[in-house]
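K.L.:
here is a sequence with its predicted model. Questions after.
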Amino acid sequence: MKHLKLILLLIGLTQGLNGMAQNFVLKGVVIEKGSNVRVALAEITNLNNKMGTTSNEIGLFQLNARVGDSLLVKKRNLTDQKLVVKTEDDLVIYLVRGSTMLEEVTVKGQTKKQEMEDIKRDFKNSGSFYAGKPPLILLNPFGGSPLTFFYELFGKTPTRARKFNRYYRKELSLIEVDKFFNKSLVTSYTSLRGKELDKFLLDYYPSSSMASNWNNYDAVKYIKESAKQYTDTLKRTN
């Protein structure tokens with residue numbers, strides 16, 4: 001009986017260790033399919049352990065997961081996506097716009113920048129005229145508006161507007177980068193495809209300061225040189 005208890009204990013410990021070994025930090029990026037714009041503030045939820053996170057300003061995220069876990073990815077105006085974690089490799093998630101939004105974009109010719117301008121206008125129409133950053137002149141008791149100042153500083157809508165403006169500025173810089181570094185261009189000037197292409201796009205995404213003064217020649221030069229460096233690294237690791 002003692003031997004049986006010992007065996008059962010060892011089996012339980014082994015299973016526990018195996019379960020612990022399966023846990024890892026999943027890293028990934030969320031991208032809008034078609035435009036290849038990275039998606040900030042997307043909600044990523046692990047349906048198995050109920051843990052969640054959001055993508056940062058350049059679409060990157062990290063989340064505790066195990067192989068076999070199911071993820072739910074959601075973002076306003078984009079179609080929800082449910083997927084299964086199959087490996088511990090970095091994950092590239094593509095979200096597509098819903099059919100209703102696609103029709104709206106086709107009819108209005110609306111761009112990403114125009115869409116964000118509409119959101120800014122909605123905040124203003126909701127009463128946040130200074131996007132959460134009121135000028136000090138509003139505190140002037142003669143002709144100012146102290147109530148407006150404190151509302152803009154602490155009100156719920158202005159606080160959301162302030163956060164959105166930070167996202168707006170970063171998103172604009174990413175849109176500029178995506179003109180010079182996107183899946184279509186990389187495919188045109190390199191032989192990278194599939195997972196290697198996705199990982200290259202993730203690992204070698206240039207900063208906005210780096211791409212701010214680029215022209216087409218600079219972009220192609222960066223893509224070719226970075227792709228060579230990347231493929232050389234793959235050869236050394238294989």
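P.N.:
Received it, and whenever you're ready, just let me know what you need.

K.L.:
helix, strand, or coil at Lys195?
P.N.:
What DSSP: H, G, I helix; E, B strand; the rest coil gives for Lys195 is helix.

K.L.:
wait, it sits on Thr87?
P.N.:
No. With contact defined as Cβ atoms under 8 Å, Lys195 does not count as touching Thr87 (9.4 Å). (C-beta placed from N, C-alpha, C; glycine too.)

K.L.:
neighbour count winner among these two?
P.N.:
Lys195 (12 against 9; other Cβ atoms under 10 Å).

K.L.:
how near is the residue nearest to the more buried one when sequence neighbours are not counted to Arg169?
P.N.:
The shortest distance from Lys195 to any non-neighbouring residue, by Cβ to Cβ, 6 or more residues apart in numbering, is to Asp89 (7.1 Å). Applying Cβ to Cβ, to the nearest Å, the value for Asp89 to Arg169 is 32 Å.

K.L.:
can you show me the strands along the protein?
P.N.:
Taking DSSP state E as the test, the strands found in the chain are 24-32, 37-38, 43-46, 52-54, 60-65, 70-75, 78-84, 91-95.

K.L.:
and Arg162, what does it touch?
P.N.:
131-133 (Cβ atoms under 8 Å, 6 or more residues apart in numbering).

K.L.:
please check the residues you listed and keep the buried ones.
P.N.:
With burial judged by 16 or more other Cβ atoms under 10 Å, the buried subset of the contacts of Arg162 is 131-132.

K.L.:
restricted to helices, list the contacts of Arg162.
P.N.:
Assigned to helices by DSSP state H, none of these qualify.

K.L.:
any stretches of the chain with poor pLDDT?
P.N.:
Within the chain, the stretches with pLDDT under 70 are 1-21, 98-112, 126-127, 129-130, 141-144, 150, 238.

K.L.:
returning to that earlier point: just the contacts of Arg162 now: which is nearest Glu176?
P.N.:
Distances from Glu176 to the contacts of Arg162, taken as Cβ to Cβ, are shortest for Ala131 (21.3 Å).

K.L.:
contacting residues around the closest residue to that closest one other than its chain neighbours?
P.N.:
Distances taken as Cβ to Cβ, 6+ apart put Ala161 closest to Ala131, at 4.4 Å, once the chain neighbours are dropped. Contact partners of Ala161, counting by Cβ under 8 Å, 6+ apart, are 120, 123, 128, 131-132.

K.L.:
in JSON lines: those residues, plus distance to Val25.
P.N.:
Formatted as JSON lines, the contacts of Ala161 follow (distance: Cβ to Cβ, whole Å):
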{"residue": "Lys120", "distance to Val25": "35"}
{"residue": "Phe123", "distance to Val25": "35"}
{"residue": "Ser128", "distance to Val25": "37"}
{"residue": "Ala131", "distance to Val25": "35"}
{"residue": "Gly132", "distance to Val25": "33"}
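
K.L.:
ok, which pair from those is furthest apart?
P.N.:
Using Cβ to Cβ, the contacts of Ala161 span at most 11.7 Å, a distance reached by Lys120 and Gly132.

K.L.:
list the contacts of Arg66.
P.N.:
22-24, 48, 85 are the contacts of Arg66 under Cβ under 8 Å, 6+ apart.

K.L.:
count the neighbours of Lys124 for me.
P.N.:
Neighbours around Lys124, by other Cβ under 10 Å: 13.

K.L.:
distance of it relative to Gly132?
P.N.:
In terms of Cβ to Cβ, Lys124 sits 11 Å off from Gly132.
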